[in-house]
Structures are given as C-alpha cells and as structure tokens.
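In: Sequence and predicted structure are below.
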Amino acid sequence: MDPIPLVQSISPAELSQYQGKITKLKGELRHAEQARKKFGLKHDKERKRKNLQDMEVTLKMLQHSQPMRLFSRAGKVHTLLFAEYSEATVWMEAIEKEQAALQKRPSPGTFSAIDIQKMLSIAKDSMQKHEEAIKAYIEDDDVDLLDGLLVVLVDCAYGLRSKGKTDVFSQLEVDTYGRLERKAKTKCVPYCIKPEWDQGFEVELEAAHLLTVQIYESRMLSDNAIAKGTINLVNSGLLDQEIHTVDLPLYPQGQLSMKLQYLTPEMMVKRSEMMKANTTTAVFGVPLEFVTMREGDLVPSIVRLCCQEVELRGLEETGVYRISGLASEVKMLREAFDSDVVAAIRLIKKVDIHAVTGALKLFLREMPEPLFPRVLYNRFVEGKDLSSLDSRISCMVSLLYSMPDTNLLTTLYLIKHFKTVSRYSAVNKMPTSNLATVIGPNVLKPVDDGADRMVLDVGNQVAVLGFFLHLDVDLLEPEDREGDSVQDVSSSGSVPKLIHSRSNESIAQALSCNTSSRESPQTRTGGYLDIHTKS
C-alpha cells in the first residue's frame, strides 16, 4: 500500500492573518466600486480582482487541512483534504447519504471503487453549487450585501434526534465577503424533544449574505454537529427592517424557531438615540469628556473595567471581541454602568466574557463624538498613505497626540489592551488585523457620517486603527519633557519620540494601568425586536 501523504499546514494564527488580508482586499474592492458608482471615482478594478484571485489560490494551498480517508476493498486509500469547515460539511453530507444506502451490505465499513467514485461525484456537484452560490454575489457588483446589525432571537428547536441524552446548543455564523465566521453561541440546555434557548444576540454585519445556524451536542472531547440550516439574508424579506418570525428547516433533521430583524446603519443610530438614558448618571451615548469629568479620571471606568476583565479571563477565548455576547447580558451591563458603577463591578464578574466585550464596543459605537475626533479624520486617512515610513509614523503619532486629553489617554489605554489581546492570537484567533476590523468602525467616523459614506470608509477606519495596533509601543511612549508643542504633521524628519503638551505622569498612567501580568504563549410591523430575554 502506498504511504499516506503528509498534510502540510500553517499555524492557525498565520492562516487567520492571511484570511484577514483577503477580507480586507474584498472590502476595498467593494467600497471602491461603490464610490465609483456614487461619486464617479475611478479605481483599478481589474488589477484588484487579479490580486484577489491570486490570494484566493494561495489560501487554498496554505489553509490548514483536515484529512479524511476512504478505504476501498481493493486496498486503495483516497485522501480528501478539507480547507474549511463549511466545505467539509458539504462533502460529508453528500457522503453520508451514500453511506446510509450501503449499510445493508455485508461489509458496510468498506466501499468499492464504484461506490467511492459515486460519492465523490455527488460531493463534487454539491460543493460546486455551494461555491457558485458564494462567489456569485462577491463577483457581482450590483448584488446587495448587508451592512448594519442583525438582531436574532433564538427560540427553540423541533424534531431533533440525539444519539445520547446530552446538552445541546446553537451556534450562529455569518459570512463577510463569503467567509463564514462564528458570531454567537447560545447556552447549553438539556436535550429534549423541544430544546428552548430563548436567547438574543446583536450581530454586526459587513458585506453579509448568509446566516448559518448549527446545532451541536455538547461533548467532553469534541462537540458533535447534529443539524444545520442556512438563511439567505438578502432574499428572505429582511430588507423591510421589520420583525420576522422564521421557522428554519434544518438538515438532516428538525427545524429552528427564531425571530430576525435587520437594521441599517441609519436605523442603528436612531435606535441608539431612543435608548439613551438620563445623562446625569449615564455613560452610554454621553460625550466622553462629560463622563470623565464626572468620574474624575481621564479614562472612563467602563473602559478600564471591561479591558481588565478581558485580560483576566478572556485572552484565550476564541473570537474575543468578534463574537457577540448575549443581548440580555449586554443590556444588564449597560443599565448597570448607566446607573451604578459598583453594581457594574459586581455584574461584570458574572456575565459571559463576550457580553463584556459587547458592552465595550457598544459604548465606543454610541459616543456622540467618536474616540478619534471627526475633525481629524481626513488627516488620519491621508497620513496613513504617506510614502515614507518615517513621515507616516511622524504624522500619525503627532495627530494622535493632538487629540483632547480624554480621547488620547483612552485611545492609548485601548491600544495597549488590544496589543495584549493580539499576543494570544494563536489561541484566540484575533491578531491585530482582526481587532482593527472589528473595532475600527466604532472609534473612527468620517465628518459626513451618512450610511453610504460610513460603509465606503470602512477600509480607512480599519487601516488607521490597524496602523497604531501594529506600531511599536515604544513609539507611543512620551519623552521626558513637558510643555512642548505638538509636532507639525507635515514634517518629514526622523521617527519621533513623542513631543506632546501633556505631563508624562498622566500618559504613563494610561499606558501602565492594564492589570494583566500574564505572559504571552412571522412578520410584525413597527418597533424594534426585543431580544433582552432571560439568559
């Protein structure tokens, strides 16, 4: 028998970084094409498409591959390499159908060459249809891809059959430019005929097309997928922005009852304004300087507490900051921080870590003036594109230090925190590129903040924040001097050791106050969907 070929792979962190580059390029291509249609701006469309095609081919060669081997009665071994979970699932579904038809054979564990060829042909056809469905909307400039927020209430499932009396949970995955990512996970509930979760999530969308729900049996060694269903978000009637009750058919068994509501970026802003609490004690939706003045600290307590909690118990959590927390827990944290910070301190220790990151992202997103002031937005965008590295660093860092004290110190605090999170990217799958993608649109917003402009500027928002997250932390620490003016952003001298007008003491405080000491290793009209149910 021929030796089984070795399967070469790269580390999960390297794979995630490369996938992030592809997602970024797809975003740039989409935004550039939208700008061309709306504003007449030209771009090199064909060159970008060629680069994207080359990167996709390279990804197929680099991706971590899980081998599955089929053994024929003649002794031959057929090895299939799966590039990603969604691809493997399509193949396995096709193969399992054929396996079921072969169970009455004398040797059900082996297949003839004809059996294997038939299974491969069926699987190939299924996979080709799957890829065509994914690629069609990416390559079509006129297709609708959704940006904004998807509010999901996972109610219950019917008709599930489990091999064991184990707990079951649901997992939500949403695509971004065709790449499926896990966005939320329900609690585990005991298996029964009608498992009920009654949990809600708010899922951020960028160029989204599909929502996939997987139901798993929770097992000690590895979770076992028992059912899956997919919703086409564009063609399912969600664009009317009303609340829809959906009974999603699952394969190979059962159905899932859920409620969905899609909110455009404009609707997100409107809802945020409706949810604002009394500004005498609130922190959400209140100007940053008001919050810090009231608290007597240049970095808001909500930022410190959330970051400290993540560094305490969330550094090794897969998808931290990317995966949505339970909406009920995020709401509880919001209400606590808006009324009683002492209660918030107690509560933050009890909720899921994804609810903590969700509350922090919500706080940043609802700031009336973004963390990076709008008046500096265009200059940040221009600065990141300077040709000389020294000039680019000098310009960007000087712009950073020209921000108001509260904005500057809060930004420095967050930069250091996100750098700490990224050091665990081999485990949490969140390198700096992924963090910039998730956080950038929440802290940077253009002067013209209409929905169209915000969507078109996502690439710039990610790039600006990504610049600072990739920058050596030494370049963000001040020199031992006080009272100097901010460096002219047009200068092109050597890389600066920061010149600023703040005291070293206040800046050092922002840079050193993170607490982690670990080492790296049916349709209804009107209103909004209330997903803040009991957890």
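Out: Structure's in. What do you need?
In: Okay, now the unreliable bits of the stretch 101-250 of the chain?
Out: The stretch 101-250 of the chain contains residues with pLDDT under 70 at 101-113, 115-116, 118-120, 122-143, 162-164.
In: Okay, helices next: where are they in it?
Out: Ranges of helices within the stretch 101-250 of the chain are 113-139, based on DSSP state H, counting those that start in this stretch.
In: Now do the strands in it.
Out: 146-158, 167-176, 179-185, 189-190, 196-208, 210-217, 224-232, 244-249 (DSSP state E, counting those that start in this stretch).
In: So for residue 54, which of the ones you listed sits nearest?
Out: The closest of the strands of the stretch 101-250 of the chain to residue 54 is strand 179-185. By CB to CB, the value is 16.9 Å. Every C-beta, even on glycine, is put in place using the N, C-alpha and C of the backbone.
In: what's the angle between that closest one and strand 167-176?
Out: 140 degrees (axes from the mean of the first three to the mean of the last three CA atoms, to 10 degrees).
In: can you pull the alpha-carbon coordinates of strand 179-185 into CSV?
Out: Output of strand 179-185 as CSV, limited to C-alpha atoms (Å, rounded to 0.1, in the frame of the first residue of the first chain):
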residue,chain,number,x,y,z
ARG,A,179,-16.0,33.9,4.7
LEU,A,180,-18.2,32.3,7.4
GLU,A,181,-17.3,33.3,10.9
ARG,A,182,-18.8,32.2,14.2
LYS,A,183,-20.6,35.2,15.7
ALA,A,184,-22.6,33.9,18.6
LYS,A,185,-23.3,30.8,20.7
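In: So which other helices or strands are in contact with that strand?
Out: helix 12-39, strand 167-176, strand 196-208 (3 or more CB pairs under 8 Å, 6 or more residues apart in numbering; DSSP states H and E).
In: if we can go back for a sec, so which of the strands of the stretch 101-250 of the chain comes closest to residue 387?
Out: Per CB to CB, nearest to residue 387 of those: strand 196-208, 29.0 Å.
In: Report the mean per-residue pLDDT for the helix or strand where residue 47 lies.
Out: Element membership for residue 47 (DSSP states H and E) is helix 45-62. Mean pLDDT, computed over helix 45-62, is 72.
In: got the angle for that helix vs strand 179-185?
Out: Using the same axes, to 10 degrees: helix 45-62 against strand 179-185 is 70 degrees.
In: i'd like the first residue to be 42 from this point on
Out: I'll keep to 42 as the first residue from here, and by that count the last item is helix 86-103.
In: Give me the helices and strands touching helix 86-103, please.
Out: Using 3+ CB pairs under 8 Å, 6+ apart, the elements in contact with helix 86-103 are helix 53-80.
In: what mean pLDDT does the helix it packs on have?
Out: 71.
In: got it, and stretch 323-341?
Out: Averaged over stretch 323-341, pLDDT sits at 89.
In: What are the buried residues along that stretch?
Out: 323, 324, 325, 326, 327, 329, 332, 333, 338, 339, 340, 341 (16 or more other CB atoms under 10 Å).
In: So what does the fifth one look like in phi/psi?
Out: Torsion angles at residue 327 (phi, psi; degrees, to the nearest 10) stand at phi -110, psi 140.
In: And the third one, by the same measure?
Out: Residue 325 adopts backbone torsions of phi -80, psi 130, taken as degrees, to the nearest 10.
In: ok, it touching residue 379?
Out: Yes: using CB atoms under 8 Å, residue 325 is in contact with residue 379, at 5.9 Å.
In: Measure how buried residue 412 is and give me the count.
Out: Residue 412 has 22 neighbours, counted by other CB atoms under 10 Å.
In: do the same with the one 4 residues further on
Out: Here the neighbour count serves as a burial measure; for residue 416 (other CB under 10 Å) it reads 11.
In: Surely it is in a helix?
Out: Yes: secondary structure of residue 416 (DSSP: H, G, I helix; E, B strand; the rest coil): part of a helix.
In: Hmm, it is touching residue 487, no?
Out: No: in terms of CB under 8 Å, residue 416 does not count as a neighbour of residue 487; the distance is 11.0 Å.
In: closest to residue 394 out of the strands of the stretch 142-291 of the chain?
Out: strand 220-226 (11.9 Å).
In: What lies in contact with the closest one?
Out: Contact with strand 220-226 is made by 60, 63-64, 125-127, 193, 210-216, 242, 244, 251, 253, 359-360, 363-366, 395, as judged by CB atoms under 8 Å, 6 or more residues apart in numbering.
In: repeat that with 7 Å
Out: Residues outside strand 220-226 that contact it (CB atoms under 7 Å, 6 or more residues apart in numbering): 60, 64, 127, 210, 212-215, 242, 244, 253, 360, 363-365.
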